[in-house]
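> predicted coordinates and the sequence they were generated for:
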2 protein chains.
Amino acid sequence: MSFTYEYAHPAVTVDCVVFGYDATDLKVLLIQRKLEPFKGRWSLPGGFVQINESLEDAARRELSGETGLGKLFLEQLYTFGEPKRDPRERVISVAYYALVKLTDHALQAASDAEDAAWFPVAELPKLGFDHERIVETALRRLKAKVRYEPIGFELLPEKFTLGELQRLYETVLEQSLDKRNFRKKLLGMELLEALDEYQRDVAHRAAQFYQFNRARYEQLRKRGFNFEL
Amino acid sequence: MSFTYEYAHPAVTVDCVVFGYDATDLKVLLIQRKLEPFKGRWSLPGGFVQINESLEDAARRELSGETGLGKLFLEQLYTFGEPKRDPRERVISVAYYALVKLTDHALQAASDAEDAAWFPVAELPKLGFDHERIVETALRRLKAKVRYEPIGFELLPEKFTLGELQRLYETVLEQSLDKRNFRKKLLGMELLEALDEYQRDVAHRAAQFYQFNRARYEQLRKRGFNFEL
DNA sequence: TCAAAAGTGTTAACCATACACCCATGC
DNA sequence: GCATGGGTGTATGGTTAACACTTTTGA
């Protein structure tokens, strides 16, 4: 079967920068390529957009194969379309970035018969295509967005301590934050629900667990409230 | 001549939301379609991406036909790819938005033998395709971005008064601003150079002209300065 | 008893906001 | 002389930033 057009058409792919966080590191999910070009090289999960699916559907379809879970934060990042970015043919890539709760769906080493692995963003291997540029763009976006939208919670388990939340922000923003001011600010927003639950078996005072109240956030946002780090 | 592929390929277009400002209104450049689909309907300037040009080159090429000038602020906005957004075939549109100094290259009514016109954003006609959604997205981006990057100047002539600048911000943000606080803030950033030049033939005290010092901005930004409305 | 992280308030500096009058000019 | 927008300073309240010690727990 083949498809013929009067004018040259580019191929269109989606590529996904999937971020996870595991208590110390911000990580990105990579796939080891089995085929040329860039055979053996690590690269972003992604694939061709089918002719009848939306871009976001394509991204979710590719991800459900890799991460196992469909329910994740997903947002369009940028579209990369330099003529020579793929050596085979003209390929325009619509990049998405996703945030997943690593702790929930435990680090599934490899899925979909692909060789998939999580890499700390500070120690990425050499990537195929222009994927390093895509990761950089995603990191920049994440760093900016985490400050003015409550998306940090997408990287943590449902229940988390304020210490965990603070470390997450410190990791993503690459700067340390004052503990008292951080707590004051976050609790002051009234977006976090304190749970009657505490850490156990820790070699220090057990921290209280909290959870993010999304409904409350949506409610406040309608009244003009803006989240800010 | 024709092009054949093993898999179905979508067509890829760029569509541009070109903003201009004329002392009272924020305006968008529209083109009246000469062909089906949506013949006679107003829509965004744009066209197919050629197989060997980058996305941004395609956007600039389309715009140079419409606006006459190539030198303008241009930034990728978002990629729209719902399967049915074009009735002819699957078309993925990479949208850009541009800011032009209307006053410099005087309102050229129509160019490129197309019927082009500027419409105030508050009075847009019904648009073809999903272009209303694209304009909305562009407006949202412009409103957000104008607050934390000095792009408002792209819509004004090289030399402008503080009153003109304030009215521009009030128009884009759809809110009135306090004159004294506005001046204090803008002048405090030290991004504006006061010129030895004043309005003439105005029926009130002549305002001083200023110009934006981009080099100074880049310099400050490297040292961690962030523009903020 | 030590190490490790949790939890907790106050102060000072800074920034944002609100607000009103005189000035210069053309008609 | 009147209408129009230009230009200017201060006081207040709120927000942010800096800062150190006690508590709890397991090893």
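Done, it's in. Residues are numbered from 1 along each chain as shown, chains lettered A, B, ... in the order given.
> quick one: is the one helix or strand in chain A whose mean pLDDT sits lowest near chain B?
Least confident helix or strand, chain A: helix A:55-67 with a mean of 90, by mean pLDDT, DSSP states H and E. Yes: contact of helix A:55-67 with chain B (C-beta under 8 Å from any C-beta of the partner chain) involves A:Leu55. To be clear about C-beta, it is placed using only N, CA and C from the backbone, and glycine gets the same treatment.
> mean confidence score for the helix or strand just after that helix?
Using DSSP states H and E, the helix or strand that follows helix A:55-67 towards the C-terminus is strand A:73-80. Mean pLDDT, strand A:73-80: 98.
> buried stuff in strand A:73-80?
Burial within strand A:73-80, assessed by neighbour count using 16 or more other C-beta atoms under 10 Å in any protein chain shown, is assigned to A:Leu74, A:Glu75, A:Gln76, A:Leu77, A:Tyr78, A:Thr79, A:Phe80.
> when you check chain B, which of those residues turn up near it?
Okay, of those touching chain B (C-beta under 8 Å from any C-beta), that's A:Gln76, A:Tyr78, A:Thr79.
> isn't the second one right up against B:Gln76?
This points to A:Tyr78. Yes: A:Tyr78 lies in contact with B:Gln76 (C-beta atoms under 8 Å); the separation is 6.5 Å.
> could you list the domains of chain A?
Listed domain ranges for chain A are A:11-148, A:158-222 (source: automatic domain parsing).
> any idea which of these is most buried?
Burial of the domains of chain A is given as mean neighbour count (mean count of other C-beta atoms under 10 Å in any protein chain shown); domain A:11-148 ranks first at a mean of 18.
> what's the angle between the lengthiest helix in chain A and strand A:73-80?
What stands out as the longest helix in chain A, according to DSSP state H, is helix A:131-148. Using axes from the mean of the first three to the mean of the last three C-alpha atoms, to 10 degrees, the inter-axis angle of helix A:131-148 relative to strand A:73-80 is 130 degrees.
> distance of the residue of chain A found nearest DNA strand D from A:Gly163?
Nearest residue of chain A to DNA strand D, counting by C-beta to the nearest atom of the strand: A:Arg205, 3.1 Å away. In this view, A:Arg205 and A:Gly163 are 11 Å apart by C-beta to C-beta, to the nearest Å.
> any stretches of chain A with poor pLDDT?
Within chain A, the ranges that satisfy pLDDT under 70 run A:69-70, A:104-114.
> what residues does it put near chain B?
By C-beta under 8 Å from any C-beta, the residues of chain A that approach chain B are A:1-12, A:48-55, A:76, A:78-79, A:81-83, A:90, A:92, A:94.
> so which of those residues are in helices?
Those of those mapping onto helices are A:Leu55, per DSSP H.
> about what we covered before: ok, so of the ones next to chain B among the buried residues of strand A:73-80, who is nearest DNA strand C?
Within those, the smallest distance to DNA strand C is 29.7 Å, found for A:Tyr78 (C-beta to the nearest atom of the strand).
> who's that closest one bridged to?
On the basis of DSSP bridges, A:Tyr78 is bridged to A:Ala95.
> show me the contacts for A:Lys159.
Remark: with contacts taken as C-beta atoms under 8 Å, 6 or more residues apart in numbering or on different chains, A:Lys159 is in contact with A:Leu195, A:Glu197, A:Phe209, A:Tyr210, A:Gln211.
> could you point out the longest strand in chain A?
strand A:11-21 (DSSP state E).
> got a list of what A:Glu75 touches?
Residues in contact with A:Glu75, defined by C-beta under 8 Å, 6+ apart, are A:Tyr96, A:Tyr97, A:Ala98.
> separation between it and A:Leu142?
From A:Glu75 over to A:Leu142 (counting by C-beta to C-beta), the distance is 10 Å.
> how about A:Arg167?
16 Å.
> then A:Tyr217?
For A:Tyr217, the distance to A:Leu142 - C-beta to C-beta - is 19 Å.
> ends of stretch A:195-205, how far apart?
16 Å (C-alpha to C-alpha, to the nearest Å).
> briefly note if it comes near DNA strand C.
Yes: using C-beta under 7 Å from any atom of the strand, stretch A:195-205 reaches DNA strand C at A:Tyr198, A:Ala203, A:His204, A:Arg205.
> identify the farthest-apart pair in those residues.
Among these, the pair separated by the greatest distance (C-beta to C-beta) is A:Tyr198 and A:Ala203, at 14.1 Å.
> hmm, A:Arg147 is touching A:Leu173, no?
Yes: A:Arg147 is within contact range of A:Leu173, at 7.4 Å (criterion: C-beta under 8 Å).
> between these two, what contacts are shared?
Counting by C-beta under 8 Å, 6+ apart, the residues touching both A:Arg147 and A:Leu173 are A:Leu229.
> near DNA strand D, which residues of chain A?
Counting by C-beta under 7 Å from any atom of the strand, chain A sits next to DNA strand D at A:178-181, A:185, A:200-206, A:228.
> dump these into TSV; add secondary structure and distance to B:Gln32 as well.
Below are the residues of chain A next to DNA strand D laid out as TSV (DSSP: H, G, I helix; E, B strand; the rest coil; distance: C-beta to C-beta, whole Å):
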residue	secondary structure	distance to B:Gln32
A:Asp178	coil	58
A:Lys179	helix	61
A:Arg180	helix	61
A:Asn181	helix	56
A:Lys185	helix	52
A:Arg200	coil	69
A:Asp201	coil	71
A:Val202	coil	69
A:Ala203	coil	73
A:His204	coil	70
A:Arg205	coil	70
A:Ala206	coil	69
A:Glu228	coil	43
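> got the contact list for stretch A:127-139?
Here stretch A:127-139 makes contact (C-beta under 8 Å, 6+ apart) with A:15, A:17, A:19, A:28, A:30, A:33, A:37-38, A:41-44, A:77-78, A:80, A:82, A:85-86, A:93, A:95, A:97, A:121, A:124, A:126.
> what's near enough to touch A:Arg141?
Contacts of A:Arg141 by C-beta under 8 Å, 6+ apart are A:Leu77, A:Tyr97.
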